[in-house]
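S.K.: I'll drop the sequence and a predicted model, then ask my questions.
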Amino acid sequence: MNKIYKHVMVDIIRNRMVLFYTLLLFIVSLSIFSLEDTSSKGILSMLNIILMIVPLVSLIFSTIYMYNSGEFIELLLSQPLKRNTIWWSLFIGLLTALGLAFLLGAGIVILIFETSLLGLMLVLCGLLLSCIFTALALLAAVLTKDKAKGIGLSIMLWLYFTIIFDGIVLFMLFQLSDYPIEKFMIAISMFNPIDLARILILMQLDVSALMGYTGAIFKDFFGTASGISLSFGTLVLWVIIPFMYSLRYFKKKDL
Amino acid sequence: MYKKTYLILIIFFLSFLAKLEAKTWWVGKNESLHSLNQAIQSARAGDEIRVKKGVYFERNLIIDKPLTLIGEGLPVLDGEGKYEIISIKASSVKVIGFHIRNSGISSLKDLAGIKIYDAQDVQIVHNLITNSFFGIYTQYGKNCQIKDNQIVAYGKEEQQSGNGIHCWNSSYMHIEDNVVSGHRDGIYFEFVTQSIIKNNRSFRNLRYGLHFMFSNHDTYISNVFTNNGAGVAVMFSNHVNMFNNTFHQNWGDASYGILLKEISDGKIQGNQFKKNTTGIYLEGVSRVNMSRNTFSSNGWGLKIQASCQDMNIHQNNFINNTFDVSTNGSLVLNNFDGNYWDKYEGYDLNKDHFGDIPFRPVSLFSIILEKNPTTLIMFRSFISALMDKTEKLIPSLTPEQLKDQSPRVQPIPL
């Protein structure tokens, strides 16, 4: 496992895309924090980057990488190696590369300019989102044999999690506005990792506004230690479940 | 000319004589008098009573002639949880330097640590009042001075707790440098006119830090209101001025930096609103001039209801609020001008320090939130940002008239 993992790591790090991604994150986050006069406005812009760019890049890069290394995977499969090992090494390799890119590019800058619980929350959420969308990319890649279809699927996934899901939720909120659905909304938010990350950060960012009645209900859940740990637990589940599903599929897949 | 000078000299001399005539009574363990009550009964108008350090159980002290009471080393007057401690029923009484504690609790009689009944020129200075139902209570007071007092209670329920400084039907009051905490309302005014409230600190009170109704022509300067249950409420008054006050961390759904209801013709200038759920909530307010205030890190800077009119809101700083302004209707009869908004994205081509395109401080999302509070969970999502941007280009739900014609591009130094 170690050898394959190392090979994947070196292969990705040599890839110009990841280097470019790191540099882009670094330049953007540095300029955001030095341009805005208050750090909380910088945090807002960073929030958008973490919720939009990080998932998108993780998804697309990982999908494309999986397809490009299709032949390499086939070669490995011809060797006396377990499919389990191969898939795990690929996944961990991608995670390390993208996680490292995020940490070096944005994480350090965030922690320098916003050394607080909020900054830590941002970095943690960014890291977890990188992992989640890598896992989803693996799933998308393993489900479809055709490269174009696979990339299409991952773009659809991204669109779904960033816009379509929120649109549906907003629609539901208006349709059901006569009912006490606050608790229900907390449960619904668990079904979208991007929403979950956003709400976790929101709880730290807009403290004053959240002191209102509805806010208080959310705060009672997402603001407490048990709520925060449950949310992070859910985010981790969002990494594990898609990956395990893709692993099961890969093991049975006829290549 | 000389005659006048003589006259003044004679008056001065006479008053000096009167001063000489005033007697000083000493009360204390080792003095001839052990009881303050006894001293008050024996004293004549204009006398001075000095009280030595110690604990005194005097039940209800009724001061019915102009006396000066001075405590040396903060003597304690204990009401044993049953009595009103000092009742002032004469003018020109001075109460200085006492520790007044444990007054009785009665909603029927409004028992207080110190209560002024129908008197003028009373001075209450340098006292410490703890665990009292009402701290200092004035009814029909005129030209009284309440200064440098520290009033602390440990109230847990509104019913079991009175107000720190309570004035009813009074005028020309001077309330300065007091510290009030743990009461129902920190400072309460009803039918109080021509008064000055200056440099007070009011915090952790159960309901309002400052609460006044039907009180006209009053001025509030440099007070600090923090962490009160519902902030500050100002209702049914006119010609009220508020300068350089600080409203800080009033958190809760019904909690406001200031709640203004049915107010007219006032000035709100140079105040700081920081970290409140709502900076100012305005309902039925007219002709109030709001300038040079700073709203920072609030949930909502201003919640201005459509029932307000002829408000002049200019030269304020709005920094880092979640929402700058929200409203509940499309009717706008108020004027926003020359404020600094940190959310402004316009440009200033002619470099006159004012943005060239108007700024609309009401975001679509704040309107949606007003109608459906649960949508808060969607705040700062991509779709809400998208909706806000679209609304900025073509206003449809947000009031078209609510805009700052010449927003500043730099914060106003305050």
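M.R.: Everything's here; your move. Residues are numbered from 1 along each chain as shown, chains lettered A, B, ... in the order given.

S.K.: alpha carbons only for contacts and neighbour counts from here, please
M.R.: Fine.

S.K.: quick one: buried residues of stretch B:251-268?
M.R.: For stretch B:251-268, burial by neighbour count (16 or more other C-alpha atoms under 10 Å in any protein chain shown) applies to B:251-253, B:255-268.

S.K.: B:Ala153 is in contact with B:Thr130, correct?
M.R.: Yes - with contacts counted by C-alpha atoms under 8 Å, B:Thr130 reaches B:Ala153, the gap being 5.6 Å.

S.K.: Quick one: name the residues of chain B near chain A.
M.R.: B:251-254, B:275-278, B:297-300, B:320, B:322, B:372-378, B:380-383 (C-alpha under 8 Å from any C-alpha of the partner chain).

S.K.: Please list the members of these that lie in strands.
M.R.: Those of the residues of chain B next to chain A mapping onto strands are B:278, B:300, per DSSP state E.

S.K.: Could you identify the buried members of the residues of chain B next to chain A?
M.R.: Listed as buried from these are B:251-253, B:275-278, B:297-300, B:320, B:322, B:372-378, B:380-383; burial here means 16+ other C-alpha under 10 Å.

S.K.: Show me the helices in the chain, by range?
M.R.: Because you didn't say which chain, this covers chain A. A:2-14, A:16-35, A:39-48, A:54-68, A:70-77, A:83-102, A:108-113, A:117-143, A:147-159, A:165-175, A:182-189, A:193-205, A:213-222, A:225-252 (DSSP state H).

S.K.: looking at chain B here, not the other one
M.R.: Using DSSP H, helices in chain B cover B:2-21, B:36-42, B:364-371, B:382-393.

S.K.: who's in contact with stretch B:222-235?
M.R.: B:197-214, B:243-252, B:254-263 (C-alpha atoms under 8 Å, 6 or more residues apart in numbering or on different chains).

S.K.: For B:Leu393, grab the count of nearby residues.
M.R.: 8 (other C-alpha atoms under 10 Å in any protein chain shown).

S.K.: so how far is B:Gly284 from it?
M.R.: B:Leu393 is 30 Å from B:Gly284, where distance means C-alpha to C-alpha, to the nearest Å.

S.K.: taking the buried residues of stretch B:251-268 one by one, which sit in strands?
M.R.: Going by DSSP E, the strands hold B:256-264, B:267-268 from the buried residues of stretch B:251-268.

S.K.: Roughly how far does A:Ser246 sit from B:Lys275?
M.R.: Counting by C-alpha to C-alpha - A:Ser246 and B:Lys275 are separated by 47 Å.

S.K.: swap that for A:Met203, sorry
M.R.: 14 Å.

S.K.: cool, and A:Leu103?
M.R.: 31 Å.

S.K.: And A:Gln175, by the same measure?
M.R.: With distances taken as C-alpha to C-alpha, A:Gln175 is found 33 Å from B:Lys275.

S.K.: B:Gln41: neighbouring residues, count only.
M.R.: Neighbours of B:Gln41 (other C-alpha under 10 Å): 12.

S.K.: how about the residues of the stretch 1-150 of chain A near chain B?
M.R.: So the stretch 1-150 of chain A meets chain B at A:38, A:40-41, A:48 (C-alpha under 8 Å from any C-alpha).

S.K.: what do you get if the cut-off is 10 Å, keeping everything else the same?
M.R.: Contact residues (C-alpha under 10 Å from any C-alpha of the partner chain) of the stretch 1-150 of chain A with chain B: A:36-41, A:44, A:47-48, A:51-52.

S.K.: TSV for these, including neighbour count?
M.R.: Converted to TSV, those look like this (neighbours: other C-alpha atoms under 10 Å in any protein chain shown):
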residue	neighbour count
A:Glu36	14
A:Asp37	11
A:Thr38	13
A:Ser39	17
A:Ser40	18
A:Lys41	18
A:Leu44	16
A:Leu47	22
A:Asn48	16
A:Leu51	24
A:Met52	19
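
S.K.: Tell me the predicted confidence for residue 106.
M.R.: Unless you meant another one, I'm taking chain A. At A:Ala106, the predicted lDDT confidence score is 93.

S.K.: Can you look at chain B instead?
M.R.: Reported pLDDT for B:Ser106: 83.

S.K.: swap in A:Ala209?
M.R.: Reported pLDDT at A:Ala209 in the predicted model: 67.

S.K.: mind checking how far stretch B:246-256 is from the chain centre?
M.R.: Its chain's average C-alpha position is 14 Å from that of stretch B:246-256, according to C-alpha atoms, centre = their mean, to the nearest Å.

S.K.: Same question for stretch B:71-87.
M.R.: On the basis of C-alpha atoms, centre = their mean, stretch B:71-87 sits 26 Å off its chain's mean C-alpha point.

S.K.: Identify each buried residue in that stretch, please.
M.R.: Buried residues in stretch B:71-87 (16+ other C-alpha under 10 Å): B:71, B:74-79, B:81, B:83-87.

S.K.: ok, B:Leu397 - contacts?
M.R.: By C-alpha atoms under 10 Å, 6 or more residues apart in numbering or on different chains, the residues touching B:Leu397 are B:329-330, B:362-365, B:367-368, B:391.

S.K.: just the buried members of the residues you listed?
M.R.: Buried members of those, scored by 16+ other C-alpha under 10 Å, are B:362-365, B:367-368, B:391.

S.K.: Which member of those is positioned nearest A:Ile228?
M.R.: Closest approach between these and A:Ile228, by C-alpha to C-alpha: B:Phe365, at 25.8 Å.

S.K.: my guess is the closest one contacts B:Ile377, does it?
M.R.: No - contact criterion C-alpha atoms under 10 Å: B:Phe365 and B:Ile377 do not qualify, at 11.4 Å.

S.K.: which residues touch B:Arg101?
M.R.: Residues near B:Arg101 by C-alpha under 10 Å, 6+ apart: B:76-81, B:85, B:112-113, B:128-133, B:135, B:151-153.

S.K.: Who does it form a beta bridge with?
M.R.: B:Asp78, B:Thr130 (DSSP bridges).

S.K.: repeat for B:Phe134
M.R.: According to DSSP bridges, beta-bridge pairing links B:Phe134 with B:Ala112.

S.K.: can you count the residues close to it?
M.R.: B:Phe134: 32 surrounding residues under other C-alpha under 10 Å.

S.K.: where does chain A have low pLDDT?
M.R.: Chain A contains residues with pLDDT under 70 at A:1, A:37, A:208-209, A:211-214.

S.K.: can you check chain B too?
M.R.: Residues of chain B meeting the criterion pLDDT under 70: B:1-3, B:7, B:9-21.

S.K.: what about the spatially most central residue of it, distance to chain A?
M.R.: With distances taken as C-alpha atoms, centre = their mean, B:Leu210 lies nearest the centre of chain B, 3.9 Å away. Taking C-alpha to the nearest C-alpha, to the nearest Å as the measure, B:Leu210 falls 21 Å from chain A.

S.K.: what pairs with that residue across the strands?
M.R.: B:Ile187, B:Val232.

S.K.: Correct me if wrong: it contacts B:Ser181.
M.R.: No - using C-alpha under 10 Å, B:Leu210 makes no contact with B:Ser181, being 11.2 Å away.

S.K.: Give me the common contacts of the two.
M.R.: In contact with both B:Leu210 and B:Ser181: B:163-164, B:187, B:201-203, B:228, using C-alpha under 10 Å, 6+ apart.

S.K.: Closest one of those to A:Leu153?
M.R.: The shortest gap between A:Leu153 and any of the shared contacts of B:Leu210 and B:Ser181 belongs to B:Asn228, at 53.3 Å (C-alpha to C-alpha).

S.K.: For chain A, see how far away B:Ala43 is.
M.R.: B:Ala43 is 56 Å from chain A, by C-alpha to the nearest C-alpha.

S.K.: how far away is that residue from B:Val93?
M.R.: 13 Å.

S.K.: what's the overlap in contacts for these two?
M.R.: Joint contacts of B:Ala43 and B:Val93 (C-alpha under 10 Å, 6+ apart) are B:65-67.

S.K.: Format those as a markdown table; extra columns: neighbour count.
M.R.: Converted to a markdown table, the shared contacts of B:Ala43 and B:Val93 look like this (neighbours: other C-alpha under 10 Å):
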| residue | neighbour count |
| --- | --- |
| B:Lys65 | 19 |
| B:Pro66 | 22 |
| B:Leu67 | 24 |
